[in-house]
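Visitor: Let me see the structure of the following:
(2 chains)
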Amino acid sequence: RKEVEQDPGPFNVPEGATVAFNCTYSNSASQSFFWYRQDCRKEPKLLMSVYSSGNEDGRFTAQLNRASQYISLLIRDSKLSDSATYLCVVNMGGSARQLTFGSGTQLTVLP
Amino acid sequence: NAGVTQTPKFQVLKTGQSMTLQCAQDMNHNSMYWYRQDPGMGLRLIYYSASEGTTDKGEVPNGYNVSRLNKREFSLRLESAAPSQTSVYFCASQKQGSETQYFGPGTRLLVL
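Guide: The predicted structure follows:
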């Protein structure tokens, strides 16, 4: 079983739609959680951190359910520029605070 | 600030050849990382350096060596390249006390 699992998609949605991505992680001792965005043939970049209470950044909302070991990302009013791969990332602790990456969910927003 | 830079951007090697991937950061970050990214696998950690003068193995270190030359630079060496090492290699850095990693643009490596 992968340590961080995501639905690979692809998700193809029309502009203006709401889309949600899910992610599960295997290590219950995981300490912190993130969503990174990776554009085609580019490097990953931090989109947002995920807090236990849930957090919102504009059209993006992230949720964490520690009991179910589940993370979600909701994108409202999707734009063409949201087309990318979204990586679920978990810090499972340890001395080097290593990050474990999911394989990503591909989103294409269609005009 | 250039952030994290990597050279080369692309490389084609023959099986058995060696090469060094270069990475540098100008953000005064303590920690640096080398990952590889393969289709359907996500990023996997090869080696990391928590601070200048230290290096440690990650998830997939076999076939690689690293050098933390100074605080700015962290290089990855393939001594004898194999087709299984065909991948996209990303270097990243992280500031002490922060959990955000900043990535370089990547090196696309093809081993024939």
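
Visitor: So which residue is smack in the middle of chain B?
Guide: In chain B, the residue lying closest to the centroid (CA atoms, centre = their mean) is residue B:34, at 3.0 Å.

Visitor: who's it bridged to?
Guide: residue B:47, residue B:91 (DSSP bridges).

Visitor: Report pLDDT for it.
Guide: For residue B:34, the pLDDT comes out at 97.

Visitor: Same check on the one 4 residues further on?
Guide: The pLDDT attached to residue B:38 in the predicted structure is 94.

Visitor: ok, now which ones touch residue B:37?
Guide: Going by CB atoms under 8 Å, 6 or more residues apart in numbering or on different chains, residue B:37 touches B:43-44, B:87-90, B:106. Just so you know, the C-beta spots here come from the backbone N, C-alpha and C atoms, and that holds for glycine as well.

Visitor: Tell me which residues of the helix or strand hosting it come out buried.
Guide: Assigned by DSSP states H and E, residue B:37 belongs to strand B:31-38. Neighbour counts over strand B:31-38 (16 or more other CB atoms under 10 Å in any protein chain shown) mark B:31-37 as buried.

Visitor: can you give me the strands in chain A?
Guide: A:4-6, A:11-14, A:19-25, A:32-38, A:44-50, A:55-57, A:60-65, A:70-75, A:84-91, A:99-101, A:105-110 (DSSP state E).

Visitor: now swap in chain B and tell me
Guide: B:4-7, B:10-13, B:19-25, B:31-38, B:42-49, B:56-57, B:64-68, B:74-78, B:87-94, B:101-103, B:107-111.

Visitor: I'd like to know which of the strands of chain A is closest to chain B.
Guide: Set against chain B and scored by CB to the nearest CB, the strands of chain A come closest in strand A:99-101, at 4.2 Å.

Visitor: Format the strands of chain A as a markdown table; extra columns: mean pLDDT and mean neighbour count.
Guide: A markdown table is the format used below for the strands of chain A (pLDDT from 0 to 100; neighbours: other CB atoms under 10 Å in any protein chain shown):
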| stretch | mean pLDDT | mean neighbour count |
| --- | --- | --- |
| strand A:4-6 | 93 | 21 |
| strand A:11-14 | 96 | 14 |
| strand A:19-25 | 95 | 19 |
| strand A:32-38 | 95 | 21 |
| strand A:44-50 | 95 | 19 |
| strand A:55-57 | 93 | 12 |
| strand A:60-65 | 95 | 18 |
| strand A:70-75 | 96 | 19 |
| strand A:84-91 | 95 | 24 |
| strand A:99-101 | 91 | 23 |
| strand A:105-110 | 96 | 18 |
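
Visitor: That's all I had, so thanks and see you.
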